[in-house]
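Visitor: Got a sequence here, can you build the structure:
(2 chains)
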Amino acid sequence: MDLLVRIAGFDSIDEMEAAREDRYWDSLTCALNDREFAACYLMGYAIEILVKTAFFRFDGIHAGADLRPSLRVARRHPRFTQPTGLSTIQAHGIHNVRAWGDLLIDARQRAGPARAMDPILAGKLVYELRWVENNWSETLHYRRSIPAAEEIARLLSIADWLRTHYSAFWS
Amino acid sequence: MPRQVQPLRPRHSRPDLVDELAREMHTTGTSASPDIPTIYEEPQPYGNNLHVKVIWSRWAGIPVEQRGAIILDAYEKAGLKNELRRITVALGLTPEEDQGLQ
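Guide: Model (predicted):
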């Protein structure tokens, strides 16, 4: 059976969290084998998936449910269509990690003081995702770019921090 | 080695920065010097919440989580309890970081 047929189905939190771990360890394997660009490219996806699933977990979606309807709703959110945030920023693409982070912080503060994210954790999240936004994009695959060693180290460090605090982002 | 989770509200040892920032919270306008903190309070469109960003050269060398703790402590020290309760993002950036992270 062909691969695309074998993996056919819908995106769910369970599936995306498993994919996030695959991308994370794939990325580390590349980094340890001097494939810097691949390491960065894959780790960016691991981070993107992590922030997305944190949002959907907070939203109360069942971990096995089809996420496509929720993704369609999220795509129309002002965070992806209008300039928003702590500084002037143009409309985001659906892969934009900073916009997903803003969306998560928004959702938690909208749910009331008891469910708002800790402001220090939220500040750190904004800080790290801004850096990722400036150094990673899904369109990197069209570029022959060579990330610097410090950029790889920073991206891996951010991914580790996000994985360590994952449950705090949505619970 | 067992997995370790860092505390979300780290302690800091910079009461001097808390005092200085608290003093500046009662002034208005923009500062010309990076040694003087510039405090941006961004009201959120719902929930009466505030996102706070403090641009200050003296953040250099201080971890981001500790900067957030210093900002919250400064609001408390300045007697801005109502504002403190509304803060949902506390972010401290050096001027260079703020430029780089636009």
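Visitor: middle-most residue in the chain, spatially?
Guide: Going with chain A. What sits nearest the mean C-alpha location of chain A, by Cα atoms, centre = their mean, is A:Glu48, with 1.9 Å.
Visitor: Can you look at chain B instead?
Guide: For chain B, B:Ile71 is the residue whose C-alpha lies nearest the centre (Cα atoms, centre = their mean; 3.3 Å).
Visitor: That one is in contact with B:Leu84, isn't it?
Guide: No - using Cβ atoms under 8 Å, B:Ile71 is not in contact with B:Leu84, being 9.6 Å away. The C-beta positions use only the backbone N, C-alpha and C, and glycine is treated the same way.
Visitor: before we move on, the earlier item: need the contact list for the nearest residue to the residue nearest to the centre of chain A once chain neighbours are set aside.
Guide: Spatially, and ignoring its direct neighbours in sequence, A:Glu48 is nearest to A:Val97 (5.2 Å; Cβ to Cβ, 6 or more residues apart in numbering or on different chains). Going by Cβ atoms under 8 Å, 6 or more residues apart in numbering or on different chains, A:Val97 touches A:Gly44, A:Ile47, A:Glu48, A:Val51, A:Leu129, A:Val132, A:Glu133, A:Trp136.
Visitor: Helix or strand: which one has the fourth one?
Guide: By that I understand A:Val51. A:Val51 belongs to helix A:36-58 when assigned by DSSP states H and E.
Visitor: Check A:Asp66 too.
Guide: Per DSSP H and E: A:Asp66 is located in neither a helix nor a strand.
Visitor: Can you get me a residue count around residue 66?
Guide: Unless you meant another one, I'm taking chain A. By other Cβ atoms under 10 Å in any protein chain shown, the residues close to A:Asp66 number 14.
Visitor: not what I meant, chain B
Guide: Residues near B:Gln66, counting by other Cβ under 10 Å, number 19.
Visitor: and what of A:Ser167?
Guide: Other residues close to A:Ser167 by other Cβ under 10 Å number 10.
Visitor: mind checking how far it is from B:Val64?
Guide: Distance from A:Ser167 to B:Val64, counting by Cβ to Cβ, to the nearest Å: 20 Å.
Visitor: Up against chain B, what does chain A have?
Guide: Within chain A, the positions adjacent to chain B are A:86-88, A:105-106, A:108-110, A:112-113, A:116-124, A:126-127, A:130-131, A:134, A:164-165, A:168 by Cβ under 8 Å from any Cβ of the partner chain.
Visitor: isn't there a helix covering B:Thr88?
Guide: No - counting by DSSP: H, G, I helix; E, B strand; the rest coil, B:Thr88 falls outside a helix, being strand.
Visitor: shouldn't it be in contact with B:Asn49?
Guide: Yes - taking contacts as Cβ under 8 Å, B:Thr88 lies within contact range of B:Asn49: 4.5 Å.
Visitor: Can you name the helix or strand that A:Gly64 falls in?
Guide: Under DSSP H and E, no helix or strand contains A:Gly64.
Visitor: how about it, what does it touch?
Guide: By Cβ under 8 Å, 6+ apart, A:Gly64 lies in contact with A:Ser12, A:Ile13, A:Asp14.
Visitor: CA atoms of the helix holding A:Val51 as CSV?
Guide: What follows is helix A:36-58, C-alpha atoms only, in CSV (Å, rounded to 0.1, in the frame of the first residue of the first chain):
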residue,chain,number,x,y,z
GLU,A,36,21.7,21.9,9.9
PHE,A,37,19.1,23.1,7.5
ALA,A,38,17.0,20.0,7.8
ALA,A,39,17.3,20.2,11.6
CYS,A,40,16.0,23.8,11.6
TYR,A,41,13.3,23.0,9.1
LEU,A,42,11.9,20.0,11.0
MET,A,43,12.2,21.7,14.4
GLY,A,44,10.2,24.6,13.2
TYR,A,45,7.4,22.2,12.4
ALA,A,46,7.7,20.5,15.8
ILE,A,47,7.2,23.9,17.4
GLU,A,48,4.3,24.9,15.1
ILE,A,49,2.5,21.6,15.9
LEU,A,50,3.1,22.0,19.7
VAL,A,51,1.5,25.5,19.8
LYS,A,52,-1.4,24.4,17.6
THR,A,53,-2.2,21.4,19.7
ALA,A,54,-1.9,23.4,23.0
PHE,A,55,-4.6,25.7,21.6
PHE,A,56,-6.8,22.8,20.6
ARG,A,57,-6.3,21.1,23.9
PHE,A,58,-7.3,24.3,25.8
